[in-house]
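Student: coordinates only, sequence not included:
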């Protein structure tokens, strides 16, 4: 392991960290756009800090710790959580949609795992059903409002649903989904250059995109904090299927997670 790590070309590190940092831009624009869309006006610098604070909690199961952003806005600006918590949830849904679309694009272009496209389309259909069919949305909010953790964030179901409606109209959804897809393309480029840094160039960028996004999705639905173990295992497994040795694949998966996840978490805490 130490031998393989020592082979990493350190001159690629600035580029990788730059790509990871740049990947936050479309996600932040999405966050600030959703706030503005719901008539929540806070200074840009404060919005950036609140957004970055949320990245510190990406290590929570299913990233539900992102609701801390709602609490921060309540504490600093006394903005009701019923207005901001649904925005955080919708934001994560757009991230999920973006991830699925990015993986579909990669799969179609590469012509591999075609059955996954059908599964992805079905998942998207379910997501859009709950987003745009009011009885289903109301049922969802009623269910999660009964959970102790979520109850304080979604005190008023009707107000929360109004926020969701504002955040999911066709124009807003189109902008947010495009921004989410952009994020996944940029962060996958960082993962690609991590492979290049280890002098592994047998995979093209789109294949790395499909592998990286698929592993993140599987880690997220496992509901294990940050998908730890599941994401790394999936990354390593998919890389070995593409002809990379097991030891190299394990190191790559750990390095990808350190530089894409834990770097973001560290910045968020700071």
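Tutor: That came through fine. On a predicted model such as this, the values are computed, not experimentally measured, just so you know. Numbers count the residues shown, from 1 in each chain.
Student: what is the burial count for residue 121?
Tutor: 12 (other Cβ atoms under 10 Å). (C-beta placed from N, C-alpha, C; glycine too.)
Student: next one, pLDDT for it please.
Tutor: Per-residue confidence (pLDDT) for residue 121: 77.
Student: same check on residue 28?
Tutor: 96.
Student: name the element it belongs to?
Tutor: Residue 28 is part of helix 13-37 when elements are defined by DSSP states H and E.
Student: now for that helix, which elements pack on it?
Tutor: helix 44-55, helix 81-110, helix 157-167, helix 170-197, helix 263-269 (3 or more Cβ pairs under 8 Å, 6 or more residues apart in numbering; DSSP states H and E).
Student: quick check: which of those helices is nearest to residue 219?
Tutor: When the helices and strands packed on helix 13-37 are compared by Cβ to Cβ, helix 81-110 sits nearest residue 219, at 11.0 Å.
Student: other SSEs contacting that closest one?
Tutor: Using 3+ Cβ pairs under 8 Å, 6+ apart, helix 81-110 sits against helix 13-37, helix 68-77, helix 114-132, helix 157-167, helix 170-197, helix 205-221.
Student: let's see it at 10 Å
Tutor: Counting contacts by 3 or more Cβ pairs under 10 Å, 6 or more residues apart in numbering; DSSP states H and E, helix 81-110 is packed against helix 13-37, helix 44-55, helix 68-77, helix 114-132, helix 134-145, helix 157-167, helix 170-197, helix 205-221.
Student: adding distance to residue 243, write those helices out as JSON lines.
Tutor: Converted to JSON lines, the helices and strands packed on helix 81-110 look like this (distance: least, Cβ to Cβ, whole Å):
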{"stretch": "helix 13-37", "distance to residue 243": "23"}
{"stretch": "helix 44-55", "distance to residue 243": "33"}
{"stretch": "helix 68-77", "distance to residue 243": "41"}
{"stretch": "helix 114-132", "distance to residue 243": "20"}
{"stretch": "helix 134-145", "distance to residue 243": "43"}
{"stretch": "helix 157-167", "distance to residue 243": "43"}
{"stretch": "helix 170-197", "distance to residue 243": "12"}
{"stretch": "helix 205-221", "distance to residue 243": "11"}
